[in-house]
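Engineer: Sequence and predicted structure below; questions after.
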Amino acid sequence: MTTTSDSAARAVRKIRTGGLLLVLLATATHPAQAGAVLDRIRQSGRIVIAHRESSVPFSYVDANGKPVGYAIDLCLRVAETVRRKLEMRALVPEFVAVTPATRIAAVVDGKADLECGSTTNNAERRQKVAFTIPHYITGTRYLVRSGSPIVDLAMFEGRKLVSTKGATPLKAIREANDDRLLHIDILEVPDNAKAVEMVESGTADGFAMDDVQLYGLISGRPEPGKLKVVGKFLTIEALAIMMSKDDAEFKHVVDEEMRRLIYSGEAQTIYERWFNEAIPPKNRVLGVPMNYLLKDSWRYPTDWVPN
């Protein structure tokens, strides 16, 4: 038997559910500051691409100071798609250098439309910015001198381990250091180049960073044989192009172009160009085949990541 109170309770639930649905639909249809990025691009006639200076092979500068790299090439494809979307005769890419410590602020403050580097998509960052489909999946390992006996994080106990300010490996090694009571002396530097120099000079015993970046950094050194990458993955990280949260339409354009690049095979061609062919400035080959994590993720391309 249905009572009046039961009917009233069901009515309240329907109202709440209906109200929530309306809120969700309104949010999806009218996101905060919808069109903010596309409007800025249309009005200025330029798209601002934030790049790194030493994140080989993703985003760095060549011998002439020109931004180049795997992520840069992907972003230039996106820029062309934006030009067509806005029906502009020309769209000028403008580059601005960022560091791990400044890259998020550059996007949040509207100083960059795309951040094209080696930035990890994680829950903490998604509170401030948005990410597209990952272009690489990697994890934290350690750069050491070739004669070093260190093969894992625990062997840094009582030693100096450096990482870059604002990078996810820095947080991970701090947490592991505290949890395992390793008493590692953890150092911060503003960029990857400085961290490598510290390892080479003996100022630091190791450098914690995404392993693919470490291989890239080794390839650019005058004597690459003096350095090596060691250790098991401390983290698993999905790297992706970063953009503003305030323009759902812009994000949709970026996501769709990334999917097109992946399904058409162009993304894999761009990958091969930067990971398995000679690249500037030393014209050396990294020799890093696409790993199974990235291959699997590209079977069903999505911006969703489990962290």
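Structural biologist: Yep, it's here.

Engineer: make it CA atoms for all contacts and neighbour counts henceforth
Structural biologist: Fine.

Engineer: could I have the strand or helix carrying residue 74 exported to PDB, CA atoms only?
Structural biologist: Assessed by DSSP states H and E, residue 74 sits inside helix 70-85. This file holds the C-alpha atoms of helix 70-85, laid out as PDB (Å, rounded to 0.1, in the frame of the first residue of the first chain):
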ATOM      1  CA  TYR A  70      57.000  16.200 -30.900                       C
ATOM      2  CA  ALA A  71      54.500  18.200 -28.800                       C
ATOM      3  CA  ILE A  72      55.200  21.300 -30.900                       C
ATOM      4  CA  ASP A  73      54.400  19.500 -34.100                       C
ATOM      5  CA  LEU A  74      51.100  18.200 -32.700                       C
ATOM      6  CA  CYS A  75      50.200  21.700 -31.500                       C
ATOM      7  CA  LEU A  76      50.900  23.200 -34.900                       C
ATOM      8  CA  ARG A  77      48.400  20.700 -36.400                       C
ATOM      9  CA  VAL A  78      45.900  21.800 -33.800                       C
ATOM     10  CA  ALA A  79      46.600  25.400 -34.700                       C
ATOM     11  CA  GLU A  80      45.800  24.800 -38.300                       C
ATOM     12  CA  THR A  81      42.500  23.100 -37.400                       C
ATOM     13  CA  VAL A  82      41.600  26.100 -35.200                       C
ATOM     14  CA  ARG A  83      42.300  28.400 -38.200                       C
ATOM     15  CA  ARG A  84      39.900  26.400 -40.300                       C
ATOM     16  CA  LYS A  85      37.300  26.300 -37.600                       C
END
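
Engineer: Run through who's touching that helix.
Structural biologist: Residues outside helix 70-85 that contact it (Cα atoms under 8 Å, 6 or more residues apart in numbering) are 47, 49, 51, 57-59, 89-91, 93, 114, 116-118, 135, 241, 253-254, 257-258, 267, 270-271, 273-274.

Engineer: which parts of that helix are buried?
Structural biologist: By neighbour count with 16 or more other Cα atoms under 10 Å, helix 70-85 contains the buried residues 70-75, 77-83.

Engineer: Any chance of a markdown table for those residues, columns pLDDT and distance to residue 233?
Structural biologist: Listed next are those as a markdown table, based on pLDDT from 0 to 100; distance: Cα to Cα, whole Å:
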| residue | pLDDT | distance to residue 233 |
| --- | --- | --- |
| 70 | 98 | 23 |
| 71 | 98 | 23 |
| 72 | 98 | 26 |
| 73 | 98 | 27 |
| 74 | 98 | 26 |
| 75 | 98 | 28 |
| 77 | 98 | 31 |
| 78 | 98 | 31 |
| 79 | 98 | 34 |
| 80 | 98 | 36 |
| 81 | 98 | 36 |
| 82 | 98 | 37 |
| 83 | 98 | 40 |
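
Engineer: how many neighbours does residue 66 have?
Structural biologist: 11 (other Cα atoms under 10 Å).

Engineer: any chance you could read off phi and psi for it?
Structural biologist: Residue 66 adopts backbone torsions of phi -90, psi 130, taken as degrees, to the nearest 10.

Engineer: before we move on, what about residue 278?
Structural biologist: Dihedral angles (degrees, to the nearest 10) for residue 278: phi -60, psi 130.

Engineer: got it, and residue 47?
Structural biologist: Per-residue torsions, residue 47: phi -120, psi 130 (degrees, to the nearest 10).

Engineer: Beta-bridge partners for it, please?
Structural biologist: Counting by DSSP bridges, residue 47 forms beta bridges with residue 93.
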